[in-house]
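Asks: here are the coordinates; sequence isn't available:
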């Protein structure tokens, strides 16, 4: 697990050089640099880039000339170079590695990385295996001490992690929902209001029995969506919850069970974009037309939904807009220690499509 920042997308050599100088100044490598392969893996760049960076470091007097068979030595005066104490060094703590994050979050993180670089800051990403431990206190203490970030972004964080950051007064933003009794600044989609709005759109089209597709994961956002649809109290509206296990086969079984029940739904509200793809293809394979027989709305968006037929009615947030709000918060945290003046809810934009129609 890397201990320091990784390069952002400016000139890769220039950015990698800046990051390595920062790490040397922070005394991460007191006497010798790691080998080229290790540096390439740590900074997420190629070895050719590392070789060019090493040459620049030598030219700038940060490391000594290479010796055959030896790791590069840090120049004696390099450790005296100090990083700014107000530098924006933002850590991102996630339960999933980058390659498993959903596309909107990847885009958001990319925008955050670029915005921080424009402020001469950097972003570090951590996805430790211990993220889901009931008591990660010891691991968190080690991580915070080694990473030395000015503030943190907590993605899909557990109650234990949020409580530890709260109790230890570590500067952070919860990118998601906060658990009961924890007072931390947060930024999340208002899933309750979004689900209620979706229910209203369907109700106005005549739908009275509407199914909310919910994964088995105990996520706070899903609980909020449940409250939203259950809190829509117009005459005759009867929401039901259809639980699915996260697999395509499991969702198909759940949808079939709902549709062959004595009182089937006339519409589905998806809480995850993947649910839309599975449901739409399953309905098509059974000759059930959308929106002729069944209507579908998705509370979330991913780019692949643009390529489905019919176009999906959904709700969209702008990764770049959300990223700007996150950067404003971490900047405020670093310089003032609070973000109380910022609102924490994201209101997504309804995107009309062709997947909803009058109830049949």
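Replies: That came through fine. All values reported here derive from a predicted model rather than from experimental measurement.
Asks: what about residue 210, which SS state?
Replies: Three-state call for residue 210 (DSSP: H, G, I helix; E, B strand; the rest coil): strand.
Asks: which residue sits closest to it, ignoring its sequence neighbours?
Replies: Distance criterion Cβ to Cβ, 6 or more residues apart in numbering; nearest residue to residue 210, sequence neighbours excluded, is residue 267 at 4.8 Å. Any C-beta I mention is one placed from the backbone N, CA and C, and that applies to glycine too.
Asks: Neighbours of that neighbour, how many?
Replies: For residue 267, the neighbour count with other Cβ atoms under 10 Å is 27.
Asks: ranges for the strands of the protein?
Replies: Taking DSSP state E, the strands of the chain run over residues 89-93, 122-126, 151-155, 172-175, 186-189, 209-215, 238-244, 267-270, 295-298, 313-316, 345-346, 349-351.
Asks: Strand partners (parallel or antiparallel) of the third one?
Replies: For strand 151-155, the paired strands and their directions (DSSP bridges) are strand 89-93 (parallel), strand 172-175 (parallel).
Asks: and the ones you listed as JSON lines, adding distance to residue 108?
Replies: Output for the strands paired with strand 151-155, formatted as JSON lines (distance: least, Cβ to Cβ, whole Å):
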{"stretch": "strand 89-93", "distance to residue 108": "10"}
{"stretch": "strand 172-175", "distance to residue 108": "8"}
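Asks: For the ones you listed, give me a markdown table that also has mean neighbour count, distance to residue 75 and mean pLDDT.
Replies: As requested, the strands paired with strand 151-155 are arranged in a markdown table below (neighbours: other Cβ atoms under 10 Å; distance: least, Cβ to Cβ, whole Å; pLDDT from 0 to 100):
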| stretch | mean neighbour count | distance to residue 75 | mean pLDDT |
| --- | --- | --- | --- |
| strand 89-93 | 24 | 23 | 94 |
| strand 172-175 | 25 | 35 | 95 |
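Asks: Please name the nearest non-neighbouring residue to the residue nearest in space to the middle of the chain.
Replies: The chain has residue 105 as the residue nearest its centroid, 4.1 Å off, counting by Cα atoms, centre = their mean. Nearest non-adjacent residue to residue 105, counting by Cβ to Cβ, 6+ apart: residue 155, 7.3 Å away.
Asks: biggest helix in this protein by residues?
Replies: Across the chain, the helix with the greatest residue count (assigned by DSSP state H) is helix 319-336.
Asks: which residues sit against that helix?
Replies: Residues external to helix 319-336 that are found in contact with it (Cβ atoms under 8 Å, 6 or more residues apart in numbering): 86, 88, 90, 104-105, 107-112, 115-116, 119, 150-151, 153, 171-173, 175, 185, 187, 338-339, 341-342, 346.
Asks: what's the angle between that helix and strand 89-93?
Replies: Per axes from the mean of the first three to the mean of the last three Cα atoms, to 10 degrees, the angle that helix 319-336 makes with strand 89-93 is 120 degrees.
Asks: which intervals of the stretch 151-300 of the chain have sub-threshold pLDDT?
Replies: Along the stretch 151-300 of the chain, no part satisfies pLDDT under 70.
Asks: re earlier: list the buried ones in the longest helix of the chain?
Replies: Under the neighbour-count criterion of 16 or more other Cβ atoms under 10 Å, helix 319-336 has 319, 322-323, 325-327, 329-334 buried.
Asks: try stretch 281-292
Replies: Buried-residue list, stretch 281-292, by 16+ other Cβ under 10 Å: 282-283, 290-291.
Asks: now swap in stretch 252-262 and tell me
Replies: Buried residues in stretch 252-262, counted by 16+ other Cβ under 10 Å: 252, 254-255, 258-259.
Asks: what does that stretch contact?
Replies: Contact with stretch 252-262 is made by 211, 213, 240, 242-244, 264-265, 268, 278-279, 282-283, 288, 294, as judged by Cβ under 8 Å, 6+ apart.
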